[in-house]
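**Q** 3D model of this:
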Amino acid sequence: MLSFASSWIFILLPLPWLIHRMLPAHRQRKAAVRVPFMQRISQLLGVQVNSGVAISKRPLSQWLVLSLAWVLVLTALARPQWLGEPVVKELPMRDLLVAVDLSGSMDTQDFTDKQGNVVDRLTAVKQVLDDFLARREGDRVGLILFGSAAFTQVPFTADLDVVSELLNEAQIRMLGPRTMLGDAMGLAINLFERSQVDERVLILLTDGNDTGSLIPPERAAGIARDNGVVVHTIAMGDPTALGETALDEKTLKNIATATGGGYFHASDTAELESIYSHLDSINPRQVETLSYRPLTDLYHWPLALFILLTLLYMLWLEIRLRFIDSDVSKVQEQEG
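**A** Numbers count the residues shown, from 1 in each chain. Predicted coordinates for the structure are as follows:
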């Protein structure tokens with residue numbers, strides 16, 4: 001749709017006509033030369049001779065050119081713009097961070113996939129997380145991997161394919177055999193500090209207990225709560241296991257309770273899928289819609305037409321004057 005940024009400019013359209021009507025005609029005294037063929041020359045020049053006074057009249061072509069040039073100048077000054085179709089952009093309103101345990105116990109093969117094959121815990125997490133991430137369109141998602149150390153694999157991004165790809169490349173024990181649960185939470189809190197959205201969700205997957213983090217998990221949970229981070233904990237280990245592979249359900253429940261999240265225990269792939277379905281329902285997709293219509297300036301088109309019209313008219317005048325000079329010379333020769 002065509003619009004004008006300064007449409008008020010068009011009120012100046014009658015300005016040249018008003019000036020022509022209100023101001024007196026231009027008068028100028030010049031020395032005159034009497035020639036016997038003055039009438040013929042006046043006809044060639046397009047002027048009227050009357051009692052020694054020459055009254056110059058603009059030809060119709062000149063009026064048309066000047067009028068069109070004035071319209072083009074005003075049109076350019078009015079800044080014509082083409083208003084494009086509305087463009088809708090969806091801005092994420094939530095940052096979702098997934099922290100996955102890569103400790104040695106994640107190699108335990110006690111999960112069954114959809115095809116009935118027995119797989120290790122990390123493989124089951126990858127399969128279910130792929131489906132979960134596919135439904136997070138509109139969210140920014142980040143990925144933290146932790147074992148003996150915590151590492152940011154993917155910072156917050158709206159490119160969910162990158163998150164899935166880098167998650168699938170994760171390997172058990174790539175960050176050591178231990179479980180630094182508190183350090184992973186501390187790293188997550190640092191990432192959320194740079195977040196600009198209000199809703200911040202951390203999903204924490206582990207099958208063990210904390211084995212010597214610099215930040216105790218309970219302390220990290222308090223900091224997360226103070227920073228508005230909701231932590232959902234998902235336990236995947238055996239509650240009856242002992243030693244370093246024992247599952248500390250109490251700590252995971254306390255973390256979830258302290259931050260307003262939920263605690264879940266997954267013993268097989270189907271249960272893990274139901275957990276993510278539940279998380280998807282309590283954290284539905286939320287986006288902020290930003291709509292705008294692009295504007296394209298078109299002032300250069302009437303300006304270019306004005307320049308082209310002026311050049312063509314000046315060229316036409318030059319050619320016309322050359323023909324007039326030639327005709328005057330012929331008249332002089334005939335009269336002479």
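**Q** where does the chain dip in pLDDT?
**A** Along the chain, the parts satisfying pLDDT under 70 run over 25-58, 88-93, 138, 237-246, 268, 280-292, 324-336.
**Q** That one - how does it break down into domains?
**A** The record's domain parsing of the chain by automatic domain parsing lists 2-85+295-335, 89-290.
**Q** and among these, the most buried is which?
**A** Scoring the domains of the chain by mean neighbour count under mean count of other C-beta atoms under 10 Å gives domain 89-290 as the most buried, with a mean of 18. Just so you know, the C-beta spots here come from the backbone N, C-alpha and C atoms, and that holds for glycine as well.
**Q** chain center to that one: distance?
**A** Per C-alpha atoms, centre = their mean, to the nearest Å, the displacement of domain 89-290 from the mean C-alpha position of its chain is 30 Å.
**Q** separation between residue 108 and residue 236?
**A** 9 Å (C-beta to C-beta, to the nearest Å).
**Q** could you list every residue that touches the spatially closest residue to residue 218 that is not a sequence neighbour?
**A** Leaving out its chain neighbours, the residue that sits closest to residue 218 by C-beta to C-beta, 6 or more residues apart in numbering is residue 254, at 6.1 Å. By C-beta atoms under 8 Å, 6 or more residues apart in numbering, residue 254 lies in contact with 217, 218, 221.
**Q** Backbone dihedrals for the second one, please?
**A** Recorded main-chain torsions at residue 218 are phi -60, psi -40, according to degrees, to the nearest 10.
**Q** need the strands for the stretch 151-300 of the chain, in chain order.
**A** For the stretch 151-300 of the chain, the strands defined by DSSP state E, counting those that start in this stretch cover 199-206, 229-235, 263-265, 287-292, 295-297.
**Q** Same list (these) but as JSON lines, adding distance to residue 118.
**A** Formatted as JSON lines, those follow (distance: least, C-beta to C-beta, whole Å):
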{"stretch": "strand 199-206", "distance to residue 118": "19"}
{"stretch": "strand 229-235", "distance to residue 118": "20"}
{"stretch": "strand 263-265", "distance to residue 118": "19"}
{"stretch": "strand 287-292", "distance to residue 118": "39"}
{"stretch": "strand 295-297", "distance to residue 118": "60"}
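**Q** Name the residues contacting each of residue 108 and residue 236.
**A** In contact with both residue 108 and residue 236: 121, 207, using C-beta under 8 Å, 6+ apart.
**Q** secondary structure class for residue 100?
**A** Taking DSSP: H, G, I helix; E, B strand; the rest coil as the rule, one finds residue 100 in the strand state.
**Q** wait, isn't it in contact with residue 144?
**A** Yes: assessed by C-beta atoms under 8 Å, residue 100 is found in contact with residue 144 at 7.3 Å.
**Q** For residue 166, give its distance to residue 305.
**A** Residue 166 sits at a distance of 55 Å from residue 305 (criterion: C-beta to C-beta).
**Q** nope, residue 69 is what I was after
**A** Using C-beta to C-beta, we find residue 69 at a distance of 9 Å from residue 305.
**Q** same deal with residue 262?
**A** 68 Å.
**Q** ditto for residue 187
**A** Residue 187 sits 62 Å away from residue 305, going by C-beta to C-beta.
**Q** and if you look at residue 19?
**A** Plainly put, residue 19 is 24 Å away from residue 305 if you go by C-beta to C-beta.
**Q** same thing with residue 222?
**A** Relative to residue 305, residue 222 is positioned 70 Å away (C-beta to C-beta).
**Q** again with residue 16
**A** Taking C-beta to C-beta as the measure, residue 16 falls 18 Å from residue 305.
**Q** Contacts only, for the closest residue to residue 295 other than its chain neighbours.
**A** Spatial nearest neighbour of residue 295, excluding adjacent residues (C-beta to C-beta, 6+ apart): residue 81 at 4.8 Å. Residue 81 is in contact with 2, 3, 4, 5, 295, 296, 297, 298, counting by C-beta under 8 Å, 6+ apart.
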